[in-house]
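[1] Show me how the following folds:
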Amino acid sequence: MPLVLIAALCRDPSNPFGDPEKCKQDGNAYVSFGQWVGAIILYSYVFQMLAPPPGETFDGSRVEKPPPPALAAAPAPEQVPLLTSRASEQAPKCSKALESLHIFVRKFKLKRVFEPPVIASALGISIGATPSLKHLVLTNHAPLFFFTDACIILGGAMIPCILLALGGNLVDGPGAGSKKLGLRTTAAIIIGRLVLVPPAGMCMVALADRLGFIPRGDTMFKFVLLLQHSMPTSVLSGAVANLRGCGEESAAVLFWMYVCAVFSVAGWMVLYIRMLF
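    Purely as a prediction, here's the structure:
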């Protein structure tokens with residue numbers, strides 16, 4: 001949604017940010033970087049936070065644990081080797097390092113963090129931050145620019161696809177999830193996200209600007225920071241909630257939140273532009 005708003009705002013030649021091409025380029029870069037960080041948080045912290053209590057599901061039913069596997073039978077005396085080699089007693093350091101890495105990945109569940117959007121964003125940032133790779137892939141006369149051109153074409157089609165996915169999630173309306181949550185819970189979530197979070201974001205951006213963390217004179221950077229705090233919950237969070245078994249409740253919240261966001265986002269954008277200019 002921020003990409004659509006930035007593109008629509010910068011398309012106007014009389015936009016307050018100046019050159020339409022530079023406005024769109026800077027805005028897309030800032031929004032994309034914010035989405036990459038948000039995807040990491042969503043697949044790591046939020047995914048774990050949505051887990052149901054141990055041994056239960058979201059509907060309150062208990063999950064029967066499978067019986068523990070039987071212990072392996074001890075080897076017969078005639079199967080035990082009489083002599084053991086020293087090579088088997090001392091495992092190679094490489095295998096120990098791989099085993100430690102496997103334990104680390106399994107403990108922190110990094111496979112769930114490194115999803116395709118996160119990997120693609122990390123590769124894009126790595127290529128853009130390395131001058132040699134940047135001139136090899138991203139410049140207009142680069143040898144591998146055909147790959148970048150294909151990504152640009154696919155990226156242009158992704159925004160309508162995301163909106164179609166959002167419409168598919170909300171095609172049936174709030175459904176049964178609205179009854180499960182209740183009116184008070186749904187209203188509290190919407191008010192907290194669309195009414196209370198934007199002023200808190202304004203205070204944080206003002207504090208960061210006063211402390212010197214924001215580039216001087218870069219109004220697009222400030223605008224994107226403020227805009228991110230005003231956006232409704234992303235569609236990706238609905239997909240993650242569906243993986244955890246609470247897709248109906250998430251669809252209900254997304255439905256009413258995007259209905260209210262039509263008015264709230266427009267109001268906050270007008271306020272932000274008046275503040276910055």
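[2] ends of stretch 14-24, how far apart?
    13 Å (C-alpha to C-alpha, to the nearest Å).
[3] Now do the buried residues in it.
    F17, P20, C23, K24 (16 or more other C-beta atoms under 10 Å). All C-beta atoms are positioned from the backbone trio N, CA, C, and that covers glycine.
[4] Relative to V4, how far out is the closest residue to the second one other than its chain neighbours?
    If you skip the residues right next to it in sequence, P20 has C10 as its closest partner in space, 5.1 Å away by C-beta to C-beta, 6 or more residues apart in numbering. Noted for C10: a distance of 11 Å to V4, by C-beta to C-beta, to the nearest Å.
[5] Same drill for those two, tell me which one is more crowded.
    Neighbour count, other C-beta atoms under 10 Å: between C10 and V4, C10 has more, with 22 against 13.
[6] so which helix or strand takes in the more buried one?
    helix 2-11 (DSSP states H and E).
[7] angle of the next helix or strand after that helix against helix 2-11?
    Per DSSP H and E, helix 2-11 leads on to helix 20-41 as the next helix or strand towards the C-terminus. Between helix 20-41 and helix 2-11, the angle comes out at 170 degrees (axes from the mean of the first three to the mean of the last three C-alpha atoms, to 10 degrees).
[8] Now do helix 20-41: which elements does it pack against?
    Helix 20-41 sits against helix 2-11, helix 116-129, helix 219-230, with contacts defined as 3 or more C-beta pairs under 8 Å, 6 or more residues apart in numbering; DSSP states H and E.
[9] How many neighbouring residues does P143 have?
    10.
[10] Now do the contacts for the most centrally placed residue in the chain.
    Geometric centre of the chain, nearest residue: A39, 1.7 Å, by C-alpha atoms, centre = their mean. Counting by C-beta atoms under 8 Å, 6 or more residues apart in numbering, A39 touches E115, P117, V118, S121, L236.
[11] Which two of these have the greatest separation?
    S121 and L236 (12.6 Å; C-beta to C-beta).
[12] For the protein, which element, helix or strand, carries the lowest mean pLDDT?
    Across the helices and strands of the chain, mean confidence by mean pLDDT, DSSP states H and E is lowest for helix 86-89: a mean of 48.
[13] Quick check: nearest residue in space to V31, chain neighbours excluded?
    Per C-beta to C-beta, 6+ apart, closest to V31 is P2, 4.6 Å.
[14] From G247, how far out is that neighbour?
    24 Å.
[15] Can you name every helix or strand that the helix holding C10 contacts?
    By 3+ C-beta pairs under 8 Å, 6+ apart, helix 2-11 packs against helix 20-41, helix 145-169, helix 219-230.
[16] Of these, which shows the lowest average pLDDT?
    Lowest mean pLDDT within the helices and strands packed on helix 2-11: helix 145-169, at a mean of 77.
[17] Please save the CA atoms from stretch 263-276 in PDB.
    Extracted in PDB, the C-alpha atoms of stretch 263-276 (Å, rounded to 0.1, in the frame of the first residue of the first chain):
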ATOM      1  CA  PHE A 263     -10.400   7.700   5.600                       C
ATOM      2  CA  SER A 264      -7.700   7.600   8.200                       C
ATOM      3  CA  VAL A 265      -4.700   7.300   5.800                       C
ATOM      4  CA  ALA A 266      -6.000  10.200   3.700                       C
ATOM      5  CA  GLY A 267      -6.300  12.400   6.800                       C
ATOM      6  CA  TRP A 268      -2.900  11.500   8.100                       C
ATOM      7  CA  MET A 269      -1.200  12.100   4.700                       C
ATOM      8  CA  VAL A 270      -2.700  15.600   4.500                       C
ATOM      9  CA  LEU A 271      -1.400  16.300   8.000                       C
ATOM     10  CA  TYR A 272       2.000  15.000   7.200                       C
ATOM     11  CA  ILE A 273       2.400  17.100   4.000                       C
ATOM     12  CA  ARG A 274       1.300  20.200   5.900                       C
ATOM     13  CA  MET A 275       3.800  19.500   8.700                       C
ATOM     14  CA  LEU A 276       6.700  18.900   6.300                       C
END
